[in-house]
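J.: Here is my input, please return the structure:
(one chain, ligands or ions: 1)
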Amino acid sequence: MESIQDLEKSYHFDLYRRLPVTLVKGKGIHVWDSNGKEYVDFVSGIAVNALGHCHPAMIKAIKKQSKKLIHTSNIFYTAPQARLARLLSRISGFERVFFCNSGLEANEAAIKLVRKTGNMIGKKGPIITFSGAFHGRSIASITMGSDKLQQSFGPLPEGFLRLPFNDTDALRKNVNEDTTAVFVEAVQGEGGVVPASSEFMDALQELCQKNKVLLVFDEIQTGFGRTGYLFGYMNYPIKPDIITIAKALGGGFPIGAVLTSDEISRNFEHGNHGTTFGGNPLACSAAISVVKTIMDQGLVENANKKGSYLFSCLGKMAAELPIIKEVRGKGLMAGIELIVPCRPIVLKMLGKGCLVNCTVENTIRLLPPLIVKKKDIDYIIKNLHKVLSEEKA
Ligand SMILES: Cc1ncc(COP(=O)(O)O)c(C=O)c1O
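T.: Residues are numbered from 1 along each chain as shown. You can find the predicted model right below:
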């Protein structure tokens, strides 16, 4: 019989540099491969599985809703969509919600919303984004991201300007009353786990307020407790006009959303935007179970506490091992920059039953589920210390 990996190699687009394991089941922070080997998962489907794998609350919600109504399109009202919108509004303070299916789609909707808002008041300036940013892989969102993402995909749309991240002078020179909007991540995840500096965020808040520029936080990776606060922007004294969310919102069920004020949402009229699948009853039921569990079980606080412990362990490790150049991040979003490429380290960790991920070639990224326990952190740290100690710098 052909193996799953051979099947995949024969039939799927060859787009992903996959790790050589086929995962077949998961429970909590653990997953198992097709040979029965167990792993501790510090990837969480790239910051998605906030509740770990196959959480009973999610299973119950999906089972229950799938017996009632799975999909209707947005031609009709459905209860889970309305209830999830209310729940998100209550916990976030944003008055209005638009649902879609992924992070990229949330950003696409936000781009259209800020463009329309800007056009209505005669703004002609660009949407500003930052070096190292990642906002998705559509033509518009790669235009907001790094050069690497853009290579070979031109011509790209106009009306975007990329500035160096954490560069307050560049902000002051470029954000003005004509600027349409600024899109920013509180901690750049795909860009190497790089937090925005406080000085940069202060300047951003001041300039956006002064020039009436819409401030959009891409909370797709940082949202729902990942950085130790409900949303990443809450690490700073700043208030966005719009946030985009996805990933952990569905805990593994695909869903994304845009959150904003009633006033801004009203700049979209009937027919300006929409989606067939977005906010369908099954996705929204799954998301309600995830968001309620995060809030009811204090998982944001857990992320904050366990994040402090994780960073204290990483700090000690960095002081001992010269192969580590820098440790960065917030909460349960940690980046360990090495002076060597990190894929071989990721493969060795895999051998030891630890799932970790590599971003920007030399940075190991740890994104455990929010349910992580101290003993899981100890397990990963012990193995990472061992693997890095054996590595030649
Ligand atoms: C900050 C950020 N924005 C947008 C996206 C795109 O989300 P999706 O892959 O769901 O389209 C990602 C995905 O990694 C992300 O980290």
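J.: C-alpha only now, for contacts and for neighbours.
T.: OK.
J.: What residues does the stretch 1-150 of the chain have near the ligand?
T.: With the criterion set to Cα under 6 Å from any ligand atom, the stretch 1-150 of the chain comes near the ligand through 102-104, 134-136.
J.: What subset of these is buried?
T.: 102-104, 134-136 (16 or more other Cα atoms under 10 Å).
J.: got CSV for those, with distance to residue 63 and secondary structure too?
T.: Converted to CSV, these look like this (distance: Cα to Cα, whole Å; DSSP: H, G, I helix; E, B strand; the rest coil):
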residue, distance to residue 63, secondary structure
102, 22, coil
103, 25, helix
104, 27, helix
134, 34, coil
135, 32, coil
136, 30, coil
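J.: and stretch 33-41, average pLDDT?
T.: Across stretch 33-41, the average pLDDT comes to 98.
J.: send the alpha carbons of it over as PDB?
T.: Written as PDB, here are the backbone C-alpha positions of stretch 33-41 (Å, rounded to 0.1, in the frame of the first residue of the first chain):
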ATOM      1  CA  ASP A  33       2.100  10.000  14.400                       C
ATOM      2  CA  SER A  34       1.200   7.000  12.200                       C
ATOM      3  CA  ASN A  35       3.800   4.900  13.900                       C
ATOM      4  CA  GLY A  36       2.300   5.500  17.300                       C
ATOM      5  CA  LYS A  37       5.000   7.900  18.400                       C
ATOM      6  CA  GLU A  38       3.800  10.600  20.900                       C
ATOM      7  CA  TYR A  39       4.800  14.300  20.700                       C
ATOM      8  CA  VAL A  40       4.400  17.300  22.900                       C
ATOM      9  CA  ASP A  41       3.000  20.000  20.600                       C
END
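J.: hmm, who's touching that stretch?
T.: With contact meaning Cα atoms under 8 Å, 6 or more residues apart in numbering, stretch 33-41 is reached by 21-25, 29-32, 350, 353-356, 368-369, 376, 380.
J.: which of these count as buried?
T.: Buried among those by 16+ other Cα under 10 Å: 29-32, 350, 353-356, 368-369, 376, 380.
J.: would you turn those into JSON lines with secondary structure?
T.: What follows is those, written out as JSON lines (DSSP: H, G, I helix; E, B strand; the rest coil):
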{"residue": "29", "secondary structure": "coil"}
{"residue": "30", "secondary structure": "strand"}
{"residue": "31", "secondary structure": "strand"}
{"residue": "32", "secondary structure": "strand"}
{"residue": "350", "secondary structure": "helix"}
{"residue": "353", "secondary structure": "coil"}
{"residue": "354", "secondary structure": "strand"}
{"residue": "355", "secondary structure": "strand"}
{"residue": "356", "secondary structure": "coil"}
{"residue": "368", "secondary structure": "coil"}
{"residue": "369", "secondary structure": "coil"}
{"residue": "376", "secondary structure": "helix"}
{"residue": "380", "secondary structure": "helix"}
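J.: Can you tell me which of the residues you listed is nearest residue 11?
T.: Among the buried ones among the contacts of stretch 33-41, residue 32 lies closest to residue 11 (Cα to Cα), at 24.0 Å.
J.: ok, and the closest non-adjacent residue to the closest one?
T.: What sits nearest to residue 32 in space, not counting adjacent residues and going by Cα to Cα, 6 or more residues apart in numbering, is residue 38, at 4.5 Å.
J.: Kindly report the same for residue 135.
T.: Nearest to residue 135 is residue 141, by Cα to Cα, 6+ apart, at 5.4 Å.
J.: swap in residue 348?
T.: Closest to residue 348 by Cα to Cα, 6+ apart is residue 387, at 6.9 Å.
J.: what about residue 249, neighbour count?
T.: 30 (other Cα atoms under 10 Å).
J.: Please apply the same query to residue 154.
T.: Neighbours of residue 154 (other Cα under 10 Å): 9.
J.: Check the one 10 residues further on too.
T.: Here the count is done by other Cα under 10 Å, and residue 164 has 14 residues near it.
J.: Identify the residues contacting the closest residue to it other than its chain neighbours.
T.: Counting by Cα to Cα, 6+ apart, residue 131 is the residue found nearest to residue 164 once chain neighbours are left out, at 5.0 Å. By Cα under 8 Å, 6+ apart, the contact set of residue 131 is 145-146, 162-165.
J.: At which residues are the strands of the stretch 101-250 of the chain located?
T.: 127-130, 160-163, 181-184, 187-188, 194-195, 214-218, 242-245 (DSSP state E, counting those that start in this stretch).
J.: And residue 262, how far from residue 255?
T.: Look at residue 262 and residue 255: by Cα to Cα, to the nearest Å, they are 21 Å apart.
J.: ok, the two, which is more surrounded?
T.: residue 255 (27 against 12).
J.: Could I get the phi/psi values of the residue nearest to residue 348?
T.: phi -60, psi -40 (degrees, to the nearest 10).
J.: how many neighbours does it have?
T.: Residue 387, neighbours per other Cα under 10 Å, totals 16.
J.: For it, list the residues it contacts.
T.: Residue 387 makes contacts with 345, 348-349, as judged by Cα under 8 Å, 6+ apart.
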